[in-house]
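structure here, sequence nowhere to be found:
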């Protein structure tokens, strides 16, 4: 157990010990059933309050950062619940010159409070799911652009190692790579069709370099077509 986890566990256990001690010291004339209810409520409030000490902040495996979408609601709901729950325990049991509220009413009030906490937790996970969906959508929008860059880089390498390739052809391919860098991800089916069309054509051009001397004219024409596709893609907007 590392020191961070040790102090988190120590704080949680110390908080529970303090809760039990305070309940026993200030028990007064409280009946056992209310005392047990107070103990359970205070323990739950303590757990929700120290929950943040056990959060794993390193979420590098979560590429969509979905957990961030739920973090604010989680912290707010858990902290509000713990504060309100403790305040209710004090208000319903320890006000001077006022008898404790009946066990049935206390159970009802704490039940309503837990129901509210559950609803906020539902909203928390719903927010996380929404962030994950948006993250996946953005990832899909950029996937084809990444593939275009990778395919063009492969075409650059092929042109570089192929003997007899005219420098103007290599410059045209380098220009394609530069132009692709200025393309923005779009949530647009027509844009994705152009991106797929580019990938299909660049694969054909790359294969044609295996017999460059025979395919030189075709390669030059195909590279011009690739440039035309990139130009059309750059003119598109969401």
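Happy to help now that I have it. Remember, predicted model here, so these are calculated numbers, not experimental data.

now this structure, which segments are flagged as low pLDDT?
For the chain, the stretches with pLDDT under 70 are 1, 55-69, 96-97, 134-138, 140, 238.

swap the cut-off to 50 and go again
Residue ranges of the chain with pLDDT under 50: none are present.

mind jotting down where the helices sit in this structure?
Along the chain, counting by DSSP state H, helices occupy 3-25, 32-50, 66-93, 103-161, 167-180, 189-208, 212-234.

now find how far off-centre the third one is within its chain.
Helix 66-93 has its average C-alpha position 22 Å from the chain's average C-alpha position, going by C-alpha atoms, centre = their mean, to the nearest Å.

now do it against helix 32-50, angle only.
150 degrees (axes from the mean of the first three to the mean of the last three C-alpha atoms, to 10 degrees).

specify the angle between helix 66-93 and helix 3-25 in degrees.
20 degrees.

tell me which residues in helix 66-93 are buried?
The neighbour-count check on helix 66-93 (16 or more other C-beta atoms under 10 Å) flags 66-67, 69-71, 73-74, 77-78, 81-82, 85-86, 88-89, 92-93 as buried. For glycine as for every other residue, the C-beta is placed from the backbone atoms N, C-alpha and C.

same deal with the fifth one?
Across helix 167-180, burial judged by 16+ other C-beta under 10 Å covers 169, 170, 172, 173, 176, 179, 180.

quick one: contacts for the first one?
Contacts for residue 169 were tallied using C-beta atoms under 8 Å, 6 or more residues apart in numbering; they are 159, 219, 220, 223.

burial count for the third one?
Same thing as residue 220. 15 (other C-beta atoms under 10 Å).

the closest residue to residue 227 other than its chain neighbours and residue 98, how far apart?
For residue 227, ignoring the flanking residues on the chain, the nearest one in space by C-beta to C-beta, 6 or more residues apart in numbering is residue 176 at 6.2 Å. In this structure, residue 176 and residue 98 are 80 Å apart, going by C-beta to C-beta, to the nearest Å.

swap in residue 85?
19 Å.

what does residue 191 give?
On the measure of C-beta to C-beta, residue 191 and residue 98 end up 69 Å apart.
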